[in-house]
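what would the 3D arrangement of this be:
(chains A, B and C)
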Amino acid sequence: MTDRVGNAAAPAVEMRGIVKRFPGVVANNGIDFAVRPGEIHALLGENGAGKTTLMNILFGLYHPDEGEIRVNGRPVRFDNARDAVRAGLAMVHQHFMLIPRFTVAENVILGAEGPGLALDREAARERVAELSAQYGLDVDPEAVVATLPVGMQQRVEILRALYQGGKTLILDEPTALLTPQEVDELYSVLNRLRESGDTIIFITHKLREVAAISDRVTVIRRGQTVGTRETAETTASQLAELMVGRAVSLRVDRPPAHPGEAVLVADDLHLTGSQGRAALNGVSFELRRGEILGICGVEGNGQAELIEVLSGLRRPQRGRVLLKDQDVTATGPNRRRRMGLSYIPEDRHGRGLVLPFTLTENVLLGNVEDPPFSLGGRIDYPGIRTLTQRLMRAFDVRAPAPETPAAALSGGNQQKLIIARELQREPDALLAVQPTRGLDVGAIEFVHKQLVAERDKGRGVLLISFDLDEVMDLSDRILVLWEGRIVGDFPGGRVTRTELGLLMGGRSLDEHAPAAD
Amino acid sequence: MSMLPPPTSGDALPPANRMFGALPTVLSSLLAIAVALFAGAIVLALSGENPIPAFEALFSGAFGGQREIAETLVMATPLILGGLAFAVASRAGLFNIGIEGQMVVGGLCAGLVAAWDPGLAAVIHLPLAVLAGMVAGGFWGFVPGFLKAKTGAHEVITTIMLNYLAYRISTVVIGQEALPLVNPALQATQPAVDAARLPRLLEGTRLHAGILIALVAALAVWFLLYRTVFGYKIRTVGLSPGAAAFAGISWGRTIALAMLLSGLLAGLGGTVDALGLQGRYYNITLGLGFTSIAVGLVGRNTPFGVILAAVLFGALAAGATKMQNTAGISRDIVYVLLAFVILSVSGLAVVQQLRQAKRLTARARARTRDRAAEDAGDPMVEPPPPPRTI
Amino acid sequence: MALLTATLRSAAPLIFAAMGGLLCERSGVTNIALEGFMLMGAFAGVAGTWFSNSPIVGLLVAITVGAAGGFVFAFWAITLRADQIVAGTAIVLLGLGLTSFLTEQIWGQAGSSPGVERLPTIGLGMNVLLPVAFLLVPITHWFLFKTKPGLRVQACGEKPEAAQAVGINVAKYRYAMVVISGVLAAVGGAYLSIGDLSQFTTNMTAGRGFIALAAVIFGNWMPWATMGAALLFGFAQALRFHVQALDLPIPQDLIIALPYILTLIAITGLLRQSTPPAGIGRHASEG
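Now for the predicted structure:
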């Protein structure tokens, strides 16, 4: 760190005129970006703006086609992550790069185990405990990572970054999986790091986070830098406009709901999860026609299991699922689909689509056994092709032809195709799980409008999302799921983030929000 | 025999054809074969043989005249069925390395039924023997499919074990002195009675009606995979178990049935070899199972590709006999060539897929201009195949 | 006692191949090529001994050939990213074809080689490689769980992208493990041809490579448990000769089939509790 002393004015990281082309697309098209030593610098841009590419370039995973990178004023050229680490950079990944079966200490030292052949676990443990105490991270070095909650796993990643000698930490969408309280704890950890002289690059697409934690912010759009601002001197709507390139309404336009009778009922659902823990522990609720019922909660609190039980992929050990007053607990997904339950799954690529299949073949997914899709075991391909063309027009799915493989579509168009397929059945109840994950603003608006339109047609929409903002913006009623139980039930618009956050973190509303540390 | 791609209306071609176009696929398969032959020539040269006369003998043994061509088709017949068996399992996401065992039990059962002589008419006895072979092969394929569905036991291990078990059972049955249907001294069943033999198609050659059965089977498999609900289920399960679950397609049921069908086809392959070519079932290692895997791979697991690849490998087998007789080179070199073909096909396929994926992605991004710049991190192209757990 | 030594003798080649397979799979590469490596090793051992008149040279040749085979497999499975099962199948076929082809080319007779000198024995019909096999088990255990490269190998097998993210060269570690698996399986093959016997016969490994892989699965990818499984399979093989000797009323063919049946039962009955390396068959992202 003599560099820093000797060159105090130089930016900790500077990227100038970065251009990166991939076949057919320019991911980064002239990005300028400079981070002062000791600041928290937010890198703001929506999904697909080029943030990930830029960081992969900074981290040596790609070489830029044009442009220059300087670290502490010195030009660098990294060939792999190790070079970047050596220069004092460290990445805290969005999807944690931890090995679940290893202990915390093993994960932290991996790749930097020290000299010699034999593994000195004792020394590693001590060093990790020391670092953990020094930054107040409170991590047990002996714990197996798979058993730790998400917030704790993230601290392990931070710990590793520090252990490896990282002076500039890059956090890629670090709040995606955290409760609001865990986010607060993360902020205080980051503040402590800043106080001890570390530099932090905070990648996000959420405006609130920029305001809450950063000193300065650089906005990128479509692969280009559109501006760098002092955070204190800008507003959320200015940043939003910079990020999207036009004025955006941050609110979903939503007339009042007129809920009708219950269409989908969960009645005391119990299910044991994969590790023998109760994944669902007596979940009950009613979804009524004409409402959007949002379920919020931190990932891993029973959402996956609840979706599987509601959609018919799994049977609960106890309890019932009623669809239009009929007990469907023992029926599979196809029967429920025929009875009027449509399902937009969270995982577009793994569940909602068969990527190598054509659009036509994907429209068949879940429908193939029903007339008019097939008759007597034989598929009516010409008929389905016509239907696919109609759906493509109606839902603005941009693709050359129904024969295009789904893999060739952008994320937004893939999601539109799924929504088109699920809505063409005119369902009575719609199960929408993380329906906008990874989409850009335009596609998000489209999906939200569709959900509201379905509601206004008198359909029941169950929205399950880890994005608290999405749930709060769209829902007429909000439930909080925690450890397989519904721990909160609020009318939409009459509950605060803090209240929801407390419940999502397993606390009661009587408690005050915890202090920053 | 048609060498052309399937007669389909342009709008609903199977995705493999549509994605890669028939011609480049054929070309890359040919390239793979050329690479493999070249590598084989190097092996021959290194072992002190001149590869040129060896390959000449190989070629003339395969295509030198009517008899040679007929012989090529004779050798191709069980390979078409075996290759189809491999293709059907592959489409369901399974690697059926147990085709050998399924052919053994199929051939054995068909041979036993064919050797039995209650004086039935050919219209009854022949179908009965064929059915016996198909059922036995189907059962031998169903078992690993069922085990995988129920317990997750990996089909590669179970089918390999079932191969060895099939040999053992065959040896025990053929060795029974007390059983009148077998000839332990010859290590074979008694000869098939005339009513249970597949008729010869061409005098002066060994070409038999099995080739017609194989071609009909290829057509049937094509129709099944690309025109029926069951075929759709097989392909969905093979490409995306998650999407299959979403669509209410039972993974276990589908893979068990796909393996049943795969075994059925393999059993039929063993059957046509016994009832058509040999006239009885011989208890010897045929090696057809491994060749069938190569046929499936080179044929890209499409029925028509399988036919072409089977003819190619049939030619290799037919030519190798002549090569051994005239050039004095061990016909085991064919297995070496097979290994090279599998290696070059699997190596080239990957290279081609990577390039294809890039091109596909680029084209799609250029066309759908709603997002000019997309993070390269976005997985536009299917992630690598699901982990195989062995 | 005779049954015990016979069990040890049958288990030793399985242990060689199984420890190789274990390391390879722990690094995240599915390895059904073991059978091919074993056959190549068995053949190379005999060929090397025949040309040099020294079984030690034969063993070294087997090791070299195993390493070369492992390298080819690694190139396909790792660098070319070919389907590992397909590539493994090709290696098995290559082993089968090349060894029988060369047997006929070198010795002019199909099916088997002439007799050659054997590796030295240490009594009771056990050759010098036998204790080495059993020594490999603690070594493998120590390597995997007590050393830094072992930790990295495990990381590559559990989550290659995570290993890559901390700067570990995943391909390098996988290459090393695949080549080691080739060497160890080849030694297992040589054990058969120049240790237990003194000639090569076509397909003499008779599926032992696959059974070794089954032992790895049966042993839940843990060295000691894998050795236990290999001993069990070795016992089943040894039993066969003793059924003959003891004149038990069981057909010998069924006894021969016992390891296959045991494997089937093992893989279906016990696999459910097993935890294979989570990242097996997966590559780290492009980097």
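
contact partners for the residue positioned nearest the centre of chain B?
Centroid-nearest residue in chain B: B:Gly83, 1.4 Å away (criterion: Cα atoms, centre = their mean). Residues in contact with B:Gly83 (Cβ atoms under 8 Å, 6 or more residues apart in numbering or on different chains) are B:Ser292, B:Val295, B:Gly296, B:Gly299, B:Val306, B:Ala309, B:Ala310. C-betas here are computed from N, CA, C, even on glycine.

which ones are touching the closest residue to chain C within the stretch 251-390 of chain B?
As assessed by Cβ to the nearest Cβ, chain C sits closest to B:Tyr335 within the stretch 251-390 of chain B, at 2.7 Å. Applying Cβ under 8 Å, 6+ apart to B:Tyr335 gives the contacts B:Gly287, B:Phe290, C:Leu93, C:Leu94, C:Leu96, C:Gly97, C:Leu98, C:Ser100, C:Phe101.

touching, the second one and B:Met103? I think so.
No. Counting by Cβ atoms under 8 Å, B:Phe290 sits too far from B:Met103 to count as a contact (11.0 Å).

and those two? which has more neighbours close in?
B:Met103 (35 against 23; other Cβ atoms under 10 Å in any protein chain shown).

moving C-terminal from the helix or strand where the more buried one lies, which element do we reach first?
Using DSSP states H and E, the element containing B:Met103 is helix B:99-115. Where DSSP H and E defines the elements, the next helix or strand beyond helix B:99-115 is helix B:122-151.

what about that next one, near chain A?
No. Helix B:122-151 lies out of reach of chain A by Cβ under 8 Å from any Cβ of the partner chain, never closer than 16.0 Å.

and that helix, how far out from the chain middle?
16 Å (Cα atoms, centre = their mean, to the nearest Å).

which helices and strands does that helix pack with?
Helices and strands touching helix B:122-151, as assessed by 3 or more Cβ pairs under 8 Å, 6 or more residues apart in numbering or on different chains; DSSP states H and E, comprise helix B:99-115, helix B:155-174, helix B:251-272, helix C:258-269.

can you redo those as TSV with mean pLDDT and distance to chain A?
Shown next, in TSV, are the helices and strands packed on helix B:122-151 (pLDDT from 0 to 100; distance: least, Cβ to the nearest Cβ, whole Å):
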stretch	mean pLDDT	distance to chain A
helix B:99-115	96	25
helix B:155-174	90	21
helix B:251-272	96	11
helix C:258-269	79	20
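
buried deepest among those helices, which one?
helix B:99-115 (a mean of 31; mean count of other Cβ atoms under 10 Å in any protein chain shown).

then that helix to PDB, C-alphas only?
Only the C-alpha atoms of helix B:99-115 are listed here, as PDB (Å, rounded to 0.1, in the frame of the first residue of the first chain):
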ATOM      1  CA  ILE B  99     -27.500 -51.800 -25.400                       C
ATOM      2  CA  GLU B 100     -25.100 -54.800 -25.600                       C
ATOM      3  CA  GLY B 101     -26.900 -56.600 -22.800                       C
ATOM      4  CA  GLN B 102     -30.300 -55.800 -24.100                       C
ATOM      5  CA  MET B 103     -29.300 -57.200 -27.500                       C
ATOM      6  CA  VAL B 104     -27.900 -60.300 -25.800                       C
ATOM      7  CA  VAL B 105     -31.100 -61.100 -23.900                       C
ATOM      8  CA  GLY B 106     -33.200 -60.100 -26.900                       C
ATOM      9  CA  GLY B 107     -31.200 -62.400 -29.200                       C
ATOM     10  CA  LEU B 108     -31.200 -65.200 -26.700                       C
ATOM     11  CA  CYS B 109     -35.000 -65.200 -26.100                       C
ATOM     12  CA  ALA B 110     -35.700 -64.800 -29.800                       C
ATOM     13  CA  GLY B 111     -33.300 -67.600 -30.600                       C
ATOM     14  CA  LEU B 112     -34.900 -69.900 -28.000                       C
ATOM     15  CA  VAL B 113     -38.400 -69.200 -29.300                       C
ATOM     16  CA  ALA B 114     -37.200 -69.700 -32.900                       C
ATOM     17  CA  ALA B 115     -35.500 -73.000 -32.100                       C
END
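
now do the contacts for A:Ile201.
Contacts of A:Ile201 (Cβ under 8 Å, 6+ apart): A:Val13, A:Val35, A:His41, A:Leu43, A:Met55, A:Thr168, A:Leu169, A:Ile170, A:Leu171.

ok, 10 Å please
A:12-13, A:33, A:35, A:39-43, A:54-55, A:58, A:89, A:91-92, A:168-172, A:214, A:218 (Cβ atoms under 10 Å, 6 or more residues apart in numbering or on different chains).

can you name the residues bridging to it?
A:His41, A:Ile170 (DSSP bridges).

for PyMOL, write a command that selects the buried ones of the contacts of B:Tyr335.
A single PyMOL command is used to select the members of the contacts of B:Tyr335 judged buried by 16 or more other Cβ atoms under 10 Å in any protein chain shown:
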select buried, (chain B and resi 287+290) or (chain C and resi 93+94+96+97+98+100+101)
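
okay if I get the contacts of B:Tyr335 as TSV plus distance to chain A?
Shown next, in TSV, are those (distance: Cβ to the nearest Cβ, whole Å):
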residue	distance to chain A
B:Gly287	33
B:Phe290	27
C:Leu93	28
C:Leu94	30
C:Leu96	33
C:Gly97	33
C:Leu98	36
C:Ser100	39
C:Phe101	39
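
now the contacts of B:Tyr335 as JSON lines including distance to A:Gly366, pLDDT and secondary structure?
Below are the contacts of B:Tyr335 laid out as JSON lines (distance: Cβ to Cβ, whole Å; pLDDT from 0 to 100; DSSP: H, G, I helix; E, B strand; the rest coil):
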{"residue": "B:Gly287", "distance to A:Gly366": "43", "pLDDT": "77", "secondary structure": "coil"}
{"residue": "B:Phe290", "distance to A:Gly366": "38", "pLDDT": "81", "secondary structure": "helix"}
{"residue": "C:Leu93", "distance to A:Gly366": "41", "pLDDT": "90", "secondary structure": "helix"}
{"residue": "C:Leu94", "distance to A:Gly366": "44", "pLDDT": "93", "secondary structure": "helix"}
{"residue": "C:Leu96", "distance to A:Gly366": "45", "pLDDT": "91", "secondary structure": "helix"}
{"residue": "C:Gly97", "distance to A:Gly366": "46", "pLDDT": "91", "secondary structure": "helix"}
{"residue": "C:Leu98", "distance to A:Gly366": "49", "pLDDT": "93", "secondary structure": "helix"}
{"residue": "C:Ser100", "distance to A:Gly366": "51", "pLDDT": "91", "secondary structure": "helix"}
{"residue": "C:Phe101", "distance to A:Gly366": "52", "pLDDT": "91", "secondary structure": "helix"}
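
what about C:Gly234, distance to C:Ile211?
9 Å (Cβ to Cβ, to the nearest Å).

look at those two and report which has more neighbours.
Set side by side, C:Gly234 and C:Ile211 show more neighbours around C:Ile211, with 31 against 25, by other Cβ under 10 Å.

isn't there a helix covering the more buried one?
Yes. When DSSP: H, G, I helix; E, B strand; the rest coil is applied, C:Ile211 is found to be in a helix.

isn't it up against C:Ala257?
No. Counting by Cβ atoms under 10 Å, C:Ile211 stays clear of C:Ala257, with 11.9 Å between them.

anything in contact with each of these two?
If you check C:Ile211 and C:Ala257 against Cβ under 10 Å, 6+ apart, the residues they both contact are B:Met161, B:Tyr164, C:Ala236.

which one is the residue nearest the centre of chain A nearest to, not counting chain neighbours?
Centroid-nearest residue in chain A, with Cα atoms, centre = their mean: A:Ala176, separated by 5.1 Å. The shortest distance from A:Ala176 to any non-neighbouring residue, by Cβ to Cβ, 6 or more residues apart in numbering or on different chains, is to A:Gln94 (6.2 Å).
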